[in-house]
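Q: Predicted model follows, preceded by the sequence.
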Amino acid sequence: MSATIIDGKAFAATIRGKVGEHVARLRETHGITPGLAVVLVGEDPASQVYVRSKGKQTIEAGMNSYEHKLDAGTSQADLLALIDTLNNDAEVHGILVQLPLPGHIDSDLVINSIDPAKDVDGFHISNVGLLGTGQKSMVPCTPLGCLMMLRDHLGSLSGLDAVVVGRSNIVGKPMAQLLLGESCTVTIAHSRTRDLPDVVRRADIVVAAVGRPEMVPGEWIKPGATVIDVGINRIDAPERGTNEDGSVKTRLVGDCHFESCAAVAGAITPVPGGVGPMTIACLLANTVTACCRANG
Ligand code: GUN
């Protein structure tokens, strides 16, 4: 292995420390405590883990955490009513509705009902438009975390060839916008892209966000490229044996095949311990930003 491992866990801890200092200063100088409301509808196990982690880290940073756990059958009207209440609550500076929502709820409608100034996910169409036109906006947390790691590792990104594999609204599209803002030459690749290996091989920066375990092999990576792996996929790991209930043990892998990519890349983020911790750290930072903007 030759690549530098980009330690997202350590980087995220540094950001959380800075957020904590900022929160303490806000309290001392202005008597304000930033507050983040997280709304979870249903019992999706992965979402429950994320929401718990977000709440814990919000409190550890000295902020107020408001968790709203609604059952899976909650009506769209009730969810919209809750968001309206949170929009009008001066103690709540950030609102996050955990996705995915149950099928009977129109996710776009819900997200676009959040006050854009409190939209710490950066998913509201106003924030999407502001980001796309290079104006001050709330920036989606995962792409923001990726960009921070890229800047930290590479310095200027100007003129570099970047390929984003994946075109989701949450990661792929905003990531491409951010890289464009850094003057990269950006390609968004996806499941219909022709000659995907050749497209990826041209890139100085590869951001993989497709949700397919170990899809990108080392042979696709240009020697020395920087690889940011957004994927968090759980796969069976029979080599680890079985659990007490007889089920096969599992392990987390990214969208890139770590060993082969690390043998060729200049730098790579691991899974776990890369992009994941940065996402929540950026969520906390966005909440402080929203609080500061709300209070002039
Ligand atoms: N589900 C998976 N990732 C995210 C995220 O970044 N924000 C929200 N709200 N839901 C998610």
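A: Done, it's in.
Q: which intervals of this structure have sub-threshold pLDDT?
A: 1 (pLDDT under 70).
Q: mind redoing it with 90?
A: Applying pLDDT under 90 to the chain flags residues 1-2, 296.
Q: got the phi/psi numbers for whatever residue of it ends up closest to the ligand?
A: The chain approaches the ligand most closely through Leu99 (3.7 Å), counting by Cβ to the nearest ligand atom. The way it works is simple: take the backbone N, C-alpha and C, and place the C-beta from them, glycine included. When read as degrees, to the nearest 10, the backbone of Leu99 gives phi -110, psi 150.
Q: burial count for Val38?
A: 22 (other Cβ atoms under 10 Å).
Q: Is it part of a helix or strand, or is it coil?
A: Following DSSP: H, G, I helix; E, B strand; the rest coil, the label given to Val38 is strand.
Q: Quick check: residues of this protein near the ligand?
A: Residues of the chain found near the ligand (Cβ under 6 Å from any ligand atom) are 96-99, 121, 141-142, 170.
Q: Can you flag which of these belong to helices?
A: 141-142 (DSSP state H).
Q: hmm, which two among the residues of the chain next to the ligand are most spread apart?
A: Within these, two members stand farthest from each other by Cβ to Cβ: Val97 and Thr142, at 15.6 Å.
Q: ok, now which ones touch the residue of the chain closest to the ligand?
A: 47, 107, 170 (Cβ atoms under 8 Å, 6 or more residues apart in numbering).
Q: and the second one, how many neighbours?
A: This means Ser107. 15.
Q: now swap in the first one and tell me
A: Other residues near Ser47 number 16, with proximity taken as other Cβ under 10 Å.
Q: Against Asp119, how distant is it?
A: 18 Å (Cβ to Cβ, to the nearest Å).
Q: so can I have CSV of the contacts of Leu99 showing distance to Pro238?
A: Formatted as CSV, the contacts of Leu99 follow (distance: Cβ to Cβ, whole Å):
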residue, distance to Pro238
Ser47, 27
Ser107, 36
Ile170, 32
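Q: Of the residues you listed, which is the nearest to Leu86?
A: Ser107 (16.8 Å).
Q: And the strands in this structure?
A: Shown for the chain, the strands assigned by DSSP state E span residues 4-5, 35-41, 64-70, 94-97, 161-165, 185-189, 205-208, 226-229, 233-236, 250-253, 267-268.
Q: helices and strands around the second one, which ones?
A: So that's strand 35-41. Counting contacts by 3 or more Cβ pairs under 8 Å, 6 or more residues apart in numbering; DSSP states H and E, strand 35-41 is packed against helix 45-60, strand 64-70, helix 76-87, strand 94-97, helix 275-294.
Q: Buried deepest among those, which one?
A: strand 94-97 (a mean of 26; mean count of other Cβ atoms under 10 Å).
Q: what's it packed up against?
A: Strand 94-97 packs on strand 35-41, helix 76-87, helix 275-294, going by 3+ Cβ pairs under 8 Å, 6+ apart.
Q: how about the ones you listed, which one is nearest Ala3?
A: Short answer: helix 275-294, nearest of the helices and strands packed on strand 94-97 by Cβ to Cβ, at 15.4 Å.
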